[in-house]
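Visitor: This is a predicted model, with the sequence first.
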Number of protein chains: 2
Amino acid sequence: MLRRISILGTGLLGASAGLALRAAGFTGSITGWNRGSAGGSTALNAGAIDALAADPVAAAQEADLILLAMPIYATLEMMDRLAPVLTPAQLVTDVGSTKAEICAHAEKLYNSPITAGFLPGHPMAGKERGGAELGEATLFQNTIWIFTDSGGESRSSTSAALATEWRQWVARIGARTMDLAPERHDELVAWVSHLPQFLSTALSALILEEMGNAPELKWVGGRALRETTRLGASPYSMWRDIALTNSEPITRALHALELRLQHLRENLKTPELRDEFERANKFRKDLPTS
Amino acid sequence: MLRRISILGTGLLGASAGLALRAAGFTGSITGWNRGSAGGSTALNAGAIDALAADPVAAAQEADLILLAMPIYATLEMMDRLAPVLTPAQLVTDVGSTKAEICAHAEKLYNSPITAGFLPGHPMAGKERGGAELGEATLFQNTIWIFTDSGGESRSSTSAALATEWRQWVARIGARTMDLAPERHDELVAWVSHLPQFLSTALSALILEEMGNAPELKWVGGRALRETTRLGASPYSMWRDIALTNSEPITRALHALELRLQHLRENLKTPELRDEFERANKFRKDLPTS
């Protein structure tokens, strides 16, 4: 049933999705659109899409499934533009990093018997930089693709069938699917994704200032420094919308880490330091290594 | 002149040094000693050492150069034991992660015309776990090996020549040497090595507690979580001495990070967040990637 896909936003995730679908045997059409023309051409030349559209709305109208792969506010805006022109025979899905606002928006505009369906998704995959040129068919392999589908009961039967089919494609491109409530998703990613990012940004900025008078000294840092600051390379443009749409869970996570660092600092010379290392060892013992 | 080396402590760093020296063409003898006999046998079987000694003092007496590759307090204790029995024709060097206490100790016991010399060193290489079985000939390639040689003026000419020769071997096994004052070294590593470690320990322990009721949820975390918590696997035994011998610089670094996280948290919705991301981007731009 799923023969025509439109990928709106052919950055890292959108281009990777196109490449991955092709590698997994999808033989239908994949049309792409990108706000910047360079990213669209790159995706086209890489074979992530087989046609580049000039107008996202027209491209969406011709597809069975529309994958929104853009920042959160751009996703919300595109949801507004598409809702009035799509039909119950179509499904929109997305890859946005926070889900509460997108799901609330979807409940208003989609998933009724007379509108298109909307399946909110979030692949836990990415890199510290974006862009179609970094797209890879294998980006989603051995990752988790979360769905926060809280509004699908009154969806049309066609869009419900498309949602089932999209989940199958997600599995075929190598991701494990997981279902969570939108609020639980946002709380969880605050801990395992947003906290590592903001921590890495703060650490990178702090060491920049500390080493400012002797920049060659950062060469001294080995793998420990490189890994804990890698996400410091992430651009603000990728994180602004996340900070704005998930600020309460992020605030709680950052505050908890501040208190935890203070506790460790006050116990550098006590047996509590050993206990904290043992808790950390326990956490890592069962963490998947790739 | 350097024909006989004794490596006291054949864990990750000691075993790797032996393997690296052999790979770089050192043809003299390498005798090893290890507190635990398993680590010694592993190093012997791997070819990191060509003889395993039962007594560290006897092994040291027969060497031109003694490499101490053990935790900091064990290093200080071994310096005490060796000083009375070594001669000005010998050089002791080490790989300890903090240098102020070791250098102060060396000034009292070594580096006079009638004692052995002591060249304090610190290779910026390691893994989140130790042990001879993880030893690699390539561990020091493209790393920095710091020397904090503040007491070498009255060293005997033989031990001074051995110090020069050891620096050449360090370069031959692939490390770049750098000279720093001991206090500056300790301050610097507090930022680029100890802070990433304690941060990673605190983050791992915190997320363990947050995910305690649903441990499968940590699967959601991708590379960001894996990298920022990798050092959480480090054992307390590797870090206890570092925390005790470098507590003031570590305390300053941890406190500065706490304040930085608080600042970021208070600015999640302001333009200051963009500025912090830009500082972090700047830091990463010139950081060596491997």
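Guide: Done, it's in.
Visitor: residue nearest the centroid of chain A?
Guide: A:Ser97 (4.2 Å; Cα atoms, centre = their mean).
Visitor: Find the nearest non-adjacent residue to that one, please.
Guide: A:Ile242 (5.1 Å; Cβ to Cβ, 6 or more residues apart in numbering or on different chains). (Glycine included, C-beta is placed from N, CA and C.)
Visitor: Enumerate every residue touching that neighbour.
Guide: A:Ile72, A:Ser97, A:Thr98, A:His194, A:Ile250 (Cβ atoms under 8 Å, 6 or more residues apart in numbering or on different chains).
Visitor: Strands of the stretch 1-150 of chain A, residue ranges please.
Guide: Ranges of strands within the stretch 1-150 of chain A are A:4-8, A:29-33, A:51-52, A:65-68, A:91-94, A:117-119, A:121-123, A:144-147, based on DSSP state E, counting those that start in this stretch.
Visitor: So for B:Ala280, which of those sits nearest?
Guide: strand A:121-123 (23.7 Å; Cβ to Cβ).
Visitor: quick one: the closest one to chain centroid distance?
Guide: Strand A:121-123 sits 6 Å away from the centroid of its parent chain (Cα atoms, centre = their mean, to the nearest Å).
Visitor: Also stretch A:230-241?
Guide: So, by Cα atoms, centre = their mean, the centroid of stretch A:230-241 is 12 Å from its chain's centroid.
Visitor: Helix or strand: which one has the residue nearest to A:Ser97?
Guide: Per DSSP states H and E: A:Ile242 is located in helix A:236-245.
Visitor: On the C-terminal side of that helix, identify the next helix or strand.
Guide: That would be, after helix A:236-245 and using DSSP H and E, helix A:247-266.
Visitor: what comes up buried for that following helix?
Guide: A:247, A:249-250, A:252-254, A:256-258, A:260-261, A:264-265 (16 or more other Cβ atoms under 10 Å in any protein chain shown).
Visitor: Ok, stretch A:192-209 next?
Guide: A:192-208.
Visitor: pretty sure A:Tyr73 is touching A:Asp241, no?
Guide: Yes. Counting by Cβ atoms under 8 Å, A:Tyr73 does reach A:Asp241; the two are 5.1 Å apart.
Visitor: Mind checking which of those two has more residues around it?
Guide: A:Asp241 (20 against 14; other Cβ atoms under 10 Å in any protein chain shown).
Visitor: Let me see the contact set for that one.
Guide: So A:Asp241 contacts A:Pro71, A:Ile72, A:Tyr73, A:Ser97, A:Thr98 (Cβ under 8 Å, 6+ apart).
Visitor: One more pass at 10 Å, please.
Guide: A:Met70, A:Pro71, A:Ile72, A:Tyr73, A:Ala74, A:Thr75, A:Leu76, A:Gly96, A:Ser97, A:Thr98, A:Glu101 (Cβ atoms under 10 Å, 6 or more residues apart in numbering or on different chains).
Visitor: of all the residues you listed, which comes closest to A:Trp219?
Guide: Within the contacts of A:Asp241, proximity to A:Trp219 (Cβ to Cβ) peaks at A:Ser97, which comes in at 33.2 Å.
Visitor: I'd like the distance between that closest one and chain B.
Guide: 12 Å (Cβ to the nearest Cβ, to the nearest Å).
Visitor: Taking the contacts of A:Asp241, please make a ChimeraX selection of just the buried ones.
Guide: Here is the ChimeraX command that selects only those of these that count as buried (16+ other Cβ under 10 Å):
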select /A:70,71,72,74,75,76,96,97,98,101
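Visitor: Pick out the residue of the stretch 1-150 of chain A closest to chain B.
Guide: A:Met124 (4.8 Å; Cβ to the nearest Cβ).
Visitor: how deep is that residue tucked in, by neighbour count?
Guide: 23.
Visitor: Can you list the buried residues in stretch A:221-230?
Guide: A:Gly221, A:Gly222, A:Arg223, A:Ala224, A:Leu225, A:Arg226, A:Glu227, A:Thr228, A:Thr229, A:Arg230.
Visitor: Most widely separated two among those?
Guide: A:Gly222 and A:Arg230 (13.1 Å).
Visitor: Name the nearest of the contacts of A:Ile242 relative to B:Leu21.
Guide: A:His194 (45.6 Å).
Visitor: so who does that closest one touch?
Guide: A:97-98, A:186, A:188, A:239, A:242-243, A:246-247, A:249-250, A:253-254, B:224, B:268.
Visitor: how does it look with 8 Å?
Guide: A:His194 neighbours (Cβ under 8 Å, 6+ apart): A:Ile242, A:Asn246, A:Pro249, A:Ile250, A:Ala253.
Visitor: got it, and A:Leu162?
Guide: So A:Leu162 contacts A:Met1, A:Leu2, A:Asp64, A:Leu65, A:Gln90, A:Leu91, A:Gly117 (Cβ under 8 Å, 6+ apart).
Visitor: Show me what the fourth one is bridged to.
Guide: In this structure, A:Leu65 has beta-bridge partners A:Ile5, A:Leu91, where bridges are defined by DSSP bridges.
Visitor: So it is in contact with A:Ile7, correct?
Guide: No. If you go by Cβ under 8 Å, A:Leu65 and A:Ile7 don't touch, sitting 9.5 Å apart.
Visitor: so which helix or strand takes in the closest residue in space to A:Ala205 that isn't next to it in sequence?
Guide: Once flanking residues are discounted, A:Ala205 sits nearest to B:Arg279: 3.8 Å by Cβ to Cβ, 6+ apart. Per DSSP H and E, B:Arg279 falls inside helix B:272-285.
Visitor: Need the contact partners of that helix.
Guide: Under the criterion Cβ under 8 Å, 6+ apart, residues A:200-202, A:204-205, A:207-209, A:218, A:229-230, A:232-236, A:239-240, A:243, B:263-264, B:267 lie in contact with helix B:272-285.
Visitor: same deal with stretch A:30-50?
Guide: Counting by Cβ under 8 Å, 6+ apart, A:4-11, A:14-19, A:21-22, A:29, A:51-56, A:59, A:62-63, A:70, A:74, A:131-133, A:135 sit against stretch A:30-50.
Visitor: mind listing what's buried in it?
Guide: A:30-34, A:39-40, A:42-44, A:46, A:48-49.
Visitor: Name the weakest-confidence residue in those, if you would.
Guide: Note: of the buried residues of stretch A:30-50, the lowest pLDDT belongs to A:Gly39, at 90.
Visitor: re the thing from before, mind checking which of the contacts of A:Leu162 are buried?
Guide: Using 16+ other Cβ under 10 Å, the buried members of the contacts of A:Leu162 are A:Leu2, A:Asp64, A:Leu65, A:Gln90, A:Leu91, A:Gly117.
Visitor: okay if I get the residues you listed as TSV plus pLDDT and distance to B:Ser156?
Guide: Below are the buried ones among the contacts of A:Leu162 laid out as TSV (pLDDT from 0 to 100; distance: Cβ to Cβ, whole Å):
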residue	pLDDT	distance to B:Ser156
A:Leu2	96	81
A:Asp64	98	83
A:Leu65	98	79
A:Gln90	98	85
A:Leu91	98	81
A:Gly117	97	83
